[in-house]
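Participant: Task: produce atomic coordinates for the following.
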Amino acid sequence: MKIATLLFIAFVSISSYGFTQTVTIGTQTWMTKNLDVATFRNGDVIPQAKTDEEWQAAGENKSPAWCYYDNDPKNGTKYGKLYNWYAVNDARGLALTGYHIPTDKEWTVLSTFIGGEEFAGEKMKSSIGWNDAGNGNNSSGFSGLPGGCRNDYGVFNNVGNSGFWWSASEYDESFAWYRGLNSYDSNLGLFSKDYGSSVRCVKD
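Facilitator: Below you'll find the predicted structure:
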């Protein structure tokens, strides 16, 4: 369910905290890769949904789950994991220590700093990896890749054409806000909490 249009550079610096590469955009420090963890911050295992039935059951039970796109670990190496929003919102903490899942407001801070939603897509997208001449210039350093998503029925779609990232902000009992990049534009919108989307973390 798409609602509006998104997202952003003036000062960018790239550094590493341990093994985590980050980019500073304005006052915010973002990870430059999608999250790829299988445990919560406290060490509890996040269930992997390997089948459509397991994915649907997690959504129906409002339980956290993750998967690889097409259930292929090779996609995980490139795009990270896809998480439902129940994993994002779990009190045990999905983000690494010192980081958190950005709120919708924090995504807006990013987009405003980089010059507004009209210019966001080209500046956020990686310079390689997008279909249909959709590569960006990555001048923001965000390095967004088209990792696709998984819908509430377990169907995978849009890899190569779109990337979607959860926010920590819910819209109502059933939907939460995301930010998206497509081959030709960028957007903000609402996904069912049962959907699987990529996650980026921002430093506390």
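Participant: now what about stretch 65-72, what contacts it?
Facilitator: 38, 46-50, 54-55, 58-59, 75-76, 79, 81-84, 86-87, 147-148, 150, 156, 159, 196 (Cβ atoms under 8 Å, 6 or more residues apart in numbering). For the C-beta atoms, the positions are set from N, CA and C on the backbone; glycine is no exception.
Participant: bridging residues for the residue nearest to the spatial centre of the chain?
Facilitator: Closest to where the C-alpha atoms of the chain average out (Cα atoms, centre = their mean) is W165, at 2.3 Å. As for beta bridges, W165 partners with R179, S198 under DSSP bridges.
Participant: Give the ranges of residues in this protein that sit below the confidence cut-off.
Facilitator: Along the chain, the model assigns pLDDT under 70 to residues 1-19.
Participant: hey, where'd the helices end up in it?
Facilitator: For the chain, applying DSSP state H gives helices covering 52-60, 73-79, 85-88, 104-113, 120-124.
Participant: Quick check: buried residues in the first one?
Facilitator: By neighbour count, and taking 16 or more other Cβ atoms under 10 Å as the criterion, the buried residues in helix 52-60 are 55-56, 58-59.
Participant: So what touches it?
Facilitator: The contact list for helix 52-60 (Cβ under 8 Å, 6+ apart) reads 47, 49, 63-65, 67, 84, 86, 150, 152-155, 192-194, 196.
Participant: rewinding a little: so can I have CSV of the helices of the chain showing distance to I25?
Facilitator: Putting the helices of the chain into CSV (distance: least, Cβ to Cβ, whole Å) gives the following:
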stretch, distance to I25
helix 52-60, 33
helix 73-79, 21
helix 85-88, 21
helix 104-113, 6
helix 120-124, 10
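Participant: winner for burial among the ones you listed?
Facilitator: Per residue and on average, the most neighbours among the helices of the chain fall to helix 120-124, with a mean of 25 (mean count of other Cβ atoms under 10 Å).
Participant: and N137, how many neighbours does it have?
Facilitator: N137 has 12 neighbours, counted by other Cβ atoms under 10 Å.
Participant: How much space separates the closest residue in space to it that isn't next to it in sequence from S169?
Facilitator: Closest residue in space to N137, ignoring its immediate chain neighbours: E122 at 5.6 Å, by Cβ to Cβ, 6 or more residues apart in numbering. For E122, the distance to S169 equals 25 Å [Cβ to Cβ, to the nearest Å].
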